[in-house]
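> Fold the following and give me the result.
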Amino acid sequence: MVFCRPAPTTTTARRSPRRPTTFLTAPRAIIVLLSFVRAASRTRSPAALPCSTAGPAFATAARPKAAAAPAAGAVGPDGLLDGTHASFLSKLSPPAALSPTSVQLFRDCPQAFLFRYLYKVPPKSPPNPALAKGSVVHSALERLFDLEKKEDRTEEVVKNLVRQEWAGLRNTAGYSDLFRQGTDDSNTVRAQMEEYVRVRRDDGTDTATDGPPPPPPRDIDAERSWGQGMLALVDNYFALEDPAALPLDPVRREVWVRSDLAVDPGAGGTAPSGPGGGRRDGIVRGAAAAGVPPAGSYAVRGIVDRLDLARFGDGAVGLVLTDYKTGKAPAMKYGPQTNRRILAEKFWQLKVYALLLRETELAKGTDDGGAGARPDGRPLRMLKLMYLTSAEGPGRTVELDLGDTPEARDAALHEVHADLSEAWVGIHARLQRRTPLAFEHCGRKFCDCHAIRPFFRRGTVWERGGAEP
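Now for the predicted structure:
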């Protein structure tokens, strides 16, 4: 760990005076590491966390175990995967459940969806510095509200929680490959694909004897800068919200939400009453053509960061769904129409969560206000994106009121139901063709599809200028 503090000589349950966070500048040969594991650290006071200079600068992380090899022939003599091999074609079946992330990926790049969610190559999508930062900061903020004494909810304590979280992840599979010298996100994906192919041969066995080459050393300066960036996000969070001054703690934190949605949005709980009832004929016809029963359903799930109880300007009391964002806040510097489109894209994921909460309550028979009635019988009314940074530096909060009536809130969520059903039907329409050539790739240079596709033999997955879908 390159952004921890020396342990004080004594520990106390009381909060120590606040002081600026310092970063150790130890010689490159000796890097200060936290000497506790993540599980043990949860039982200790986060106010004073010891560091240790004992041991090597970097512990060797255990490499992830390779997934079971597919049947013989998946990797040919040329060392390339055959996307049309039976072991891959057998995976061309719909996922057990959708998520906002998987749906968005399918909409952006069907081939990346194929690789990640159906073929599962690489077996586990490797984290990148941005994703790792989000995971660490989210976990620290979630643990913040585990502290019963509000006076303990200080910036210094949360920064120590961040250090704890990263100490627990730093040398684990996937995360240990971050900040390696001479690598970037695409290199990490390629390295995992090379390992995936290496353990698969014509006979389905691993013929390598020496194993993979040792990873390059970490770029300590890059890791230090990244760690400082995480602590800056904590500063920005406290500029947006003082957790010690909140009148009420969140009523829910880090909770899984799941619901079975009707393929026909007109049969969902948010469908408007009256003629048509929100029926989408295009979705119904597409479902029938793809072999999806229009009267059927599909599962959608996700994780809600937190739900808060609040009083709104009109005096009504309801719930606020808050999502922490470690990426930059959108720059609302365009025309009104473009700004509205940007905001709609940013709030789409939260609307999915709100829809799932709403449908769950309707399934329980506890409809009492629309948009997901939750604790204390209060409806979910507000969506809040808490961006912890921006192009200018400080964080920013963006809010969306779903409406002051149940009808208005349901109308806002009904459109999202239609989006999800369109994606579900679109996935089935491609799967019905029983070929990976039905999943075209995108033109975004940063997409993982471009790092993964070269490991497949040409003509066995879709490629622009080659086989057309």
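
> what bridges to L307?
R252, L321 (DSSP bridges).

> How about the one 10 residues further on?
Taking DSSP bridges, one finds R311 as the beta-bridge partners of V317.

> all strands for this protein, in order.
Using DSSP state E, the strands of the chain run over 33-34, 51-52, 252-262, 297-311, 317-328, 380-389, 396-401.

> Can you say which of those strands is nearest to L437?
Taking Cβ to Cβ as the criterion, strand 297-311 is the member of the strands of the chain that comes nearest to L437, at 24.3 Å. Every residue, glycine included, has its C-beta placed from N, CA and C.

> Restricting the selection to alpha carbons, write that closest one to CSV.
Presented in CSV, the C-alpha positions along strand 297-311 are these (Å, rounded to 0.1, in the frame of the first residue of the first chain):
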residue,chain,number,x,y,z
SER,A,297,-41.5,-12.8,-18.4
TYR,A,298,-37.8,-12.4,-17.8
ALA,A,299,-35.7,-11.5,-14.7
VAL,A,300,-33.8,-8.3,-14.2
ARG,A,301,-31.6,-7.6,-11.1
GLY,A,302,-29.2,-5.1,-9.8
ILE,A,303,-27.8,-3.4,-6.6
VAL,A,304,-29.1,-0.2,-5.1
ASP,A,305,-26.5,1.9,-3.3
ARG,A,306,-28.9,3.4,-0.8
LEU,A,307,-32.5,4.5,-0.1
ASP,A,308,-33.2,7.6,2.0
LEU,A,309,-36.4,9.0,3.5
ALA,A,310,-36.9,12.7,2.6
ARG,A,311,-39.5,15.5,2.6
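
> per-residue confidence averaged over that strand?
Strand 297-311 shows a mean pLDDT of 95.

> now swap in stretch 401-421 and tell me
Here the average pLDDT along stretch 401-421 is 94.

> just the helices in the chain please.
Using DSSP state H, the helices found in the chain span residues 38-41, 86-89, 100-108, 110-113, 129-144, 155-169, 185-198, 220-240, 281-289, 336-364, 406-431, 449-452.

> Could you export those as a markdown table, including distance to P214 and mean neighbour count?
Below are these laid out as a markdown table (distance: least, Cβ to Cβ, whole Å; neighbours: other Cβ atoms under 10 Å):
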| stretch | distance to P214 | mean neighbour count |
| --- | --- | --- |
| helix 38-41 | 25 | 14 |
| helix 86-89 | 30 | 17 |
| helix 100-108 | 33 | 19 |
| helix 110-113 | 30 | 24 |
| helix 129-144 | 21 | 20 |
| helix 155-169 | 21 | 23 |
| helix 185-198 | 12 | 18 |
| helix 220-240 | 17 | 17 |
| helix 281-289 | 51 | 16 |
| helix 336-364 | 39 | 18 |
| helix 406-431 | 40 | 21 |
| helix 449-452 | 22 | 22 |
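
> Nearest to R301, out of these?
Checking those against R301 by Cβ to Cβ gives helix 336-364 as the closest, at 7.4 Å.

> Need the strands of the chain in a markdown table (columns: mean neighbour count and distance to L355).
Listed next are these as a markdown table, based on neighbours: other Cβ atoms under 10 Å; distance: least, Cβ to Cβ, whole Å:
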| stretch | mean neighbour count | distance to L355 |
| --- | --- | --- |
| strand 33-34 | 21 | 41 |
| strand 51-52 | 16 | 45 |
| strand 252-262 | 17 | 8 |
| strand 297-311 | 18 | 8 |
| strand 317-328 | 20 | 11 |
| strand 380-389 | 22 | 10 |
| strand 396-401 | 16 | 14 |
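
> For F238, find the nearest of the ones you listed.
When those are compared (using Cβ to Cβ), the closest one is strand 380-389, at 10.1 Å.

> What strands line up against the closest one, and which way round?
strand 317-328 (parallel), strand 396-401 (antiparallel).

> Just put the ones you listed in JSON lines and tack on distance to F106.
As requested, these are arranged in JSON lines below (distance: least, Cβ to Cβ, whole Å):
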{"stretch": "strand 317-328", "distance to F106": "21"}
{"stretch": "strand 396-401", "distance to F106": "24"}
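
> Identify whichever of these lies nearest to R444.
Between the strands paired with strand 380-389, strand 317-328 lies closest to R444; by Cβ to Cβ that is 16.2 Å.

> And the average pLDDT for that closest one is what?
For strand 317-328, the mean per-residue pLDDT is 95.

> how distant is it from the center of its chain?
15 Å (Cα atoms, centre = their mean, to the nearest Å).

> ok, back up a step: which one, of the strands paired with strand 380-389, ends up nearest to E223?
Short answer: strand 317-328, nearest of those by Cβ to Cβ, at 16.7 Å.

> so what's the closest residue to W166 other than its chain neighbours up against?
Excluding its sequence neighbours, the residue lying closest to W166 (Cβ to Cβ, 6 or more residues apart in numbering) is V136, at 5.2 Å. By Cβ atoms under 8 Å, 6 or more residues apart in numbering, the residues touching V136 are 162, 165-166, 169, 230.

> can you pull the pLDDT of the residue most central in space within the chain?
Nearest to the mean C-alpha position of the chain, by Cα atoms, centre = their mean, lies T101 at 6.9 Å. Per-residue pLDDT puts T101 at 95.

> Below-threshold pLDDT in the stretch 351-469 of the chain: ranges please.
Low-confidence segments of the stretch 351-469 of the chain (pLDDT under 70): 365-377, 466-469.

> cutoff 90 now
361-379, 446, 464-469 (pLDDT under 90).

> which residues does I303 contact?
254-257.

> Same check on V352?
Here V352 is in contact with 100, 103, 300, 302, 416, 420 (Cβ under 8 Å, 6+ apart).

> closest to Q337 among those residues?
V416 (20.0 Å).

> so what's the closest one up against?
Applying Cβ under 8 Å, 6+ apart, the residues contacting V416 are 348, 351-352, 354-355.

> From those, pick the one nearest R116.
V352 (18.4 Å).

> Quick one: mean pLDDT over stretch 118-130.
For stretch 118-130, mean pLDDT rounds to 83.

> I meant stretch 240-257, not that one.
Here the average pLDDT along stretch 240-257 is 93.

> Going forward, the N-terminal residue is numbered 36.
From this message on, residue numbering opens at 36, which makes the last subject stretch 275-292.

> Can you show me the CA trace of that stretch as CSV?
Output in CSV follows, covering the C-alpha atoms of stretch 275-292 (Å, rounded to 0.1, in the frame of the first residue of the first chain):
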residue,chain,number,x,y,z
LEU,A,275,-21.5,17.3,-0.9
GLU,A,276,-22.8,15.7,2.3
ASP,A,277,-21.9,15.5,6.0
PRO,A,278,-22.9,12.0,7.1
ALA,A,279,-22.7,13.0,10.7
ALA,A,280,-25.3,15.7,10.2
LEU,A,281,-27.9,13.6,8.4
PRO,A,282,-31.2,13.6,10.4
LEU,A,283,-31.8,10.0,9.4
ASP,A,284,-29.6,7.2,8.3
PRO,A,285,-30.3,5.5,5.0
VAL,A,286,-33.2,3.1,5.3
ARG,A,287,-31.5,0.6,2.9
ARG,A,288,-27.9,0.2,1.7
GLU,A,289,-26.3,-2.1,-0.9
VAL,A,290,-29.4,-4.1,-1.4
TRP,A,291,-30.1,-6.5,-4.3
VAL,A,292,-33.3,-5.8,-6.2
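
> how far out from the middle of the chain is it?
So, by Cα atoms, centre = their mean, the centroid of stretch 275-292 is 20 Å from its chain's centroid.
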